[in-house]
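sequence and predicted structure below; questions after.
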Amino acid sequence: MANPIVLFDGDCNFCDSSVQFILKRDKEEKFYFTALQSKAGEELQEKHNVSSDIDSMVLIDGDKVYYKSGAALRIARHLKGLWKLSYIFIIVPPPIRNAVYNIIANNRYKWFGKKEESCALPSPEVRKRFL
């Protein structure tokens, strides 16, 4: 697949909101999505040697795999609006960027909750972007 793929925690409300945020601002429909826990997500993790215990956002772009803040910033640079300017933070060393990312990731269930039920089905236009 030529388009970048975003792998996300399908049980996380914050992660789901992040996917919705990307969908709304990705007017060129560049990104595709799949949950880490899905069959497609598991196959992509295996194909790209992504650890099965990963619990962060993962961006697969061609043969390259990006994690945590690196994934988020690379996604943001392709979004509509001022979000693309956040890519400037790529100059911040990854250990510092990821420390901030980890604070949010480690508290995401506590702060934003975990999915208790299945989600509503997206429209056909949006559904085609999920693997």
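Okay, I see it.

buried residues in the biggest helix by length in the chain, which are they?
Here the longest helix in the chain is taken by residue count, with DSSP state H as the criterion, and it is helix 94-112. Of the residues in helix 94-112, those scored as buried under the neighbour-count criterion (16 or more other CB atoms under 10 Å) are 97, 98, 101, 105, 108. Where C-beta positions appear, they are placed from N, C-alpha and C, glycine not excepted.

which residues sit against stretch 51-63?
4-9, 15, 18, 36, 42, 44-45, 48, 50, 65-68, 70-72, 74-75, 101, 105 (CB atoms under 8 Å, 6 or more residues apart in numbering).

then that stretch to PDB, C-alphas only?
What follows is stretch 51-63 as a C-alpha-only set of coordinates in PDB (Å, rounded to 0.1, in the frame of the first residue of the first chain):
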ATOM      1  CA  SER A  51       6.900  -5.300  18.900                       C
ATOM      2  CA  SER A  52       3.600  -6.900  19.900                       C
ATOM      3  CA  ASP A  53       3.700  -5.000  23.200                       C
ATOM      4  CA  ILE A  54       3.800  -1.600  21.600                       C
ATOM      5  CA  ASP A  55       1.100   0.700  23.000                       C
ATOM      6  CA  SER A  56       1.800   3.900  21.200                       C
ATOM      7  CA  MET A  57       0.800   5.300  17.900                       C
ATOM      8  CA  VAL A  58       2.700   3.800  15.000                       C
ATOM      9  CA  LEU A  59       3.100   5.300  11.500                       C
ATOM     10  CA  ILE A  60       4.100   2.900   8.700                       C
ATOM     11  CA  ASP A  61       5.200   4.900   5.700                       C
ATOM     12  CA  GLY A  62       6.600   2.700   3.000                       C
ATOM     13  CA  ASP A  63       9.400   0.700   4.600                       C
END
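
neighbours around the closest residue to residue 129 other than its chain neighbours, how many?
With CB to CB, 6 or more residues apart in numbering as the measure, residue 32 is the residue that lies nearest to residue 129, at 5.2 Å, once sequence neighbours are left out. Per other CB atoms under 10 Å, the neighbour tally for residue 32 reads 19.
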